[in-house]
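Asks: predicted model, plus sequence, below.
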Amino acid sequence: MTRETKIDKIVQTIEQIPTLPVISTQILNLFRNENITIRQIQDLIERDPPLAAKILKIVNSSFYGLLNKVSTIEHAIIILGTNEVRSVALGFALQNHFKTHSNHFEPARFWKHSIICSQIAKYLAKYFNVFDDGTYFLAGLIHDLGKLVIDQYFPEEFKAIVAHITENRCSFSKAEKEVLGVTHYQIGAKLLRQWNFPEKVIMQIFYHHAPWHDKNFTTESTILYLANVLTKISGFTCSSEEPPVSGKDIVKPSLFEFMNKTGLDIDQESYKNLLLLIRELIAAETNNVLTIFE
Ligand SMILES: [Fe+2]
Ligand SMILES: [Fe+2]
């Protein structure tokens with residue numbers, strides 16, 4: 001099969017992936033209603049105890065830094081805000097949808113990578129004083145969705161990608177280009193576009209390995225990029241085959257220069273402190289957010 005035919009086949013397969021699972025569509029529709037009350041959201045969430053438990057873990061995450069524990073959904077909604085709750089509900093509905101299909105993945109490891117990334121992305125938005133409309137969580141949680149699509153719809157190729165990574169100690173994207181001709185960020189963005197996700201989230205995911213190419217949502221993409229890198233540096237790569245990333249890998253003057261140009265104020269010193277802080281926050285999550293997918 002030529003490279004072109006292979007890519008055509010991949011595109012066709014993605015186009016045939018059914019629309020969002022029903023529950024996610026329900027959540028999206030419900031939240032589109034501007035007059036929705038906290039009571040209605042609360043009812044919807046309480047009807048789904050596993051989701052309710054996850055929301056409580058998110059709101060009590062050390063990344064939020066609340067002094068008192070939140071124990072009711074009503075309180076959690078007030079603290080997180082409607083947008084964030086929608087983002088959390090939608091993210092977990094997607095996670096559920098793909099959960100049962102993994103072929104060659106270590107799902108718990110993959111989702112730990114994703115949830116840590118979502119927490120860091122949200123934290124970075126706060127750290128850099130960037131407005132968060134609740135979508136950083138979503139973008140963080142599903143940024144590597146394309147890998148699940150490859151795993152589910154192209155299991156043989158996925159196996160070959162993982163073997164390529166092990167052999168060459170290279171990144172996922174590089175192995176995906178070699179084996180498939182397309183990458184997880186292209187696949188993820190394509191699927192999310194089909195599913196009518198917000199443009200910002202699609203772009204963040206498309207550019208999460210190269211935000212400097214994003215012309216419209218540079219700040220958002222850069223935050224997701226940094227969150228993903230910091231997640232890996234903290235030891236949470238999404239597969240055990242991936243080579244470990246060291247804190248030094250990111251300390252390139254060109255990156256700081258780019259970030260400062262984007263309006264994200266950071267230098268070597270503050271980066272080092274940020275990394276320490278994030279490690280502490282993650283360490284405090286062992287019994288909380290990190291247990292969500294076990
Ligand atoms: Fe990625
Ligand atoms: Fe990632």
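Replies: Received the coordinates, thanks. Numbers count the residues shown, from 1 in each chain. Ligands and ions are numbered 1, 2, ... in the order given.
Asks: what is the burial count for Leu66?
Replies: Using other CB atoms under 10 Å, Leu66 has 11 neighbouring residues. No exception for glycine: its C-beta is placed from N, CA and C like everyone else's.
Asks: give me the buried positions along stretch 131-151.
Replies: Buried residues in stretch 131-151, counted by 16 or more other CB atoms under 10 Å: 132, 134-151.
Asks: hmm, it touching ligand 2?
Replies: Yes. Stretch 131-151 is in contact with ligand 2 by CB under 5 Å from the ion, via Asp144.
Asks: so of the buried residues of stretch 131-151, which ones are in helices?
Replies: Taking DSSP state H, the ones among the buried residues of stretch 131-151 that sit in helices are 135-142, 145-151.
Asks: how about the residues of the protein near ligand 2?
Replies: Going by CB under 5 Å from the ion, the residues of the chain near ligand 2 are 144, 228.
Asks: need the helix or strand of the chain with the lowest average pLDDT.
Replies: When the helices and strands of the chain are scored by mean pLDDT, DSSP states H and E, helix 22-32 comes last with a mean of 69.
Asks: after that one, which helix or strand is next?
Replies: Using DSSP states H and E, the next helix or strand after helix 22-32 towards the C-terminus is helix 38-46.
Asks: residues of the next helix or strand after that following helix that come out buried?
Replies: Using DSSP H and E, the helix or strand that follows helix 38-46 towards the C-terminus is helix 49-59. Residues of helix 49-59 classed as buried by neighbour count (16+ other CB under 10 Å): 51-52, 54-59.
Asks: how about the contacts made by the residue in the stretch 151-294 of the chain positioned nearest to ligand 2?
Replies: Closest residue of the stretch 151-294 of the chain to ligand 2, CB to the ion: Asn228 (4.4 Å). When contacts are counted by CB atoms under 8 Å, 6 or more residues apart in numbering, Asn228 touches 117, 143, 208-209.
Asks: could you redo the last one with a cut-off of 7 Å?
Replies: Asn228 is in contact with 117, 143, 208, counting by CB atoms under 7 Å, 6 or more residues apart in numbering.
Asks: name the SS class of it, please.
Replies: With DSSP: H, G, I helix; E, B strand; the rest coil as the basis, Asn228 sits in helix.
Asks: tell me how far it lies from Leu138.
Replies: 14 Å (CB to CB, to the nearest Å).
Asks: do the same with His208
Replies: His208 sits 13 Å away from Leu138, going by CB to CB.
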